[in-house]
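J.: okay, predicted coordinates and the sequence, questions at the end:
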Amino acid sequence: MIKINLLSEAKPTKKKRGVSALGGAGRLNLFLILGGLVLGLLVVGVQWWVESSRLKEQEEKNRLAQQEVTRLEAVLKEVADFEDKKAKLQKKVDLINSLKASQRGPVRLMDEVSSALPDLLWLERMELKGNQIAIDGKALNPPAVANFFTNLKLVQAFQEPKLTVLSAATAGAANLYNFKLSFVFADLDRTQFETAKGKPGGVDGSAPVAPAAGN
C-alpha cells in the first residue's frame, strides 16, 4: 500500500541575493548613495575645471604683464641713453658757448678801443687784468690824448676811465707825449655792447683829428 505524506516538512526559504534582497527601501537608499557620489564627483570636476581655467587665465595675464615690463624696460633704457647723450651734448654746447664768450670779450674790447683811437695817437701796450684795462701809448700832442680819453668815456661798457700819466718825451726832432690810462671793462661777457650815439667825428663814429701843436 502506497502512503502519501501530505504534511511535507517545511523547508527554509533562501534569501535573495543582490538588490532584490534589500527590498524597495534598500534600493532607494543605494540609488541615493550612488547619486550623491556622482553629484560629488561632478561638483569636484566642475571646481577643478573652474580653478584650472582661472589658473590658465592668470598665467596668461602674468605672461602679458612680463612682456609689458620687458617692453617698458627697453623704453626706459632708450630714454636713459637719450638723456645721457643729451647731457653730454649740452656740456659740449656749454663749453663751446663758454669758449666763444671768453673769446668774444677781448675781441670786442679791441674793437671798441680801436674805434676810439683818434689820429696822431697810437698804442704801445694794453693789459687786461680781470675787468681792469691798462693802456700805454704815445701821441703827438696832448689834445689827441684828450680826444682818446673822451671817446673811451662814450663807450657804455667802459667805466671809470682815468688818465694816470701824461708826460713829454723827445724822440729825434719830433715832440712826443707818453700817456697811461686805465678803465674798467664792466661788461666783459656781454655779446653786444651799445656805444653812446653821436660820437664826434661823423656817423661812422671815428674820432676827430686833434690839431697839431702850435696851429
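T.: The structure has been received and is ready for your questions. Residues are numbered from 1 along each chain as shown.
J.: how about the strands in the chain?
T.: Using DSSP state E, the strands found in the chain span residues 121-129, 132-139, 158-171, 174-185.
J.: okay, those in a markdown table with mean pLDDT, mean neighbour count and distance to Gly45 next?
T.: C-betas here are computed from N, CA, C, even on glycine. Converted to a markdown table, the strands of the chain look like this (pLDDT from 0 to 100; neighbours: other CB atoms under 10 Å; distance: least, CB to CB, whole Å):
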| stretch | mean pLDDT | mean neighbour count | distance to Gly45 |
| --- | --- | --- | --- |
| strand 121-129 | 90 | 12 | 96 |
| strand 132-139 | 93 | 17 | 98 |
| strand 158-171 | 86 | 12 | 98 |
| strand 174-185 | 89 | 17 | 95 |
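J.: take the ones you listed and lay them out in TSV including distance to Gly36.
T.: Shown next, in TSV, are the strands of the chain (distance: least, CB to CB, whole Å):
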stretch	distance to Gly36
strand 121-129	107
strand 132-139	108
strand 158-171	108
strand 174-185	106
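J.: correct me, but Leu140 touches Trp122?
T.: No: look at Leu140 against Trp122 with CB atoms under 8 Å: they stay out of range, at 9.5 Å.
J.: which of the strands of the chain sits closest to Val75?
T.: strand 174-185 (50.9 Å; CB to CB).
J.: contacting residues for Gln47?
T.: Residues near Gln47 by CB atoms under 8 Å, 6 or more residues apart in numbering: none.
J.: just checking, Ala139 touches Leu120?
T.: Yes: with contact defined as CB under 8 Å, Ala139 reaches Leu120; the gap is 5.9 Å.
J.: out of the strands of the chain, which is closest to Leu37?
T.: That would be, of these and by CB to CB, strand 174-185, which comes in at 105.3 Å.
J.: partner strands of that closest one, with direction?
T.: Here strand 174-185 is paired, per DSSP bridges, with strand 132-139 (antiparallel), strand 158-171 (antiparallel).
J.: export it to CSV, keeping only CA atoms.
T.: Provided in CSV are the C-alpha atoms of strand 174-185 (Å, rounded to 0.1, in the frame of the first residue of the first chain):
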residue,chain,number,x,y,z
ALA,A,174,109.5,165.3,-33.1
ASN,A,175,107.9,166.2,-29.7
LEU,A,176,106.1,163.1,-28.4
TYR,A,177,103.9,162.6,-25.3
ASN,A,178,103.7,159.4,-23.3
PHE,A,179,100.4,158.6,-21.6
LYS,A,180,99.0,156.0,-19.4
LEU,A,181,95.3,155.5,-18.7
SER,A,182,93.0,152.8,-17.3
PHE,A,183,89.4,151.9,-17.2
VAL,A,184,87.0,149.1,-16.1
PHE,A,185,85.5,146.9,-18.8
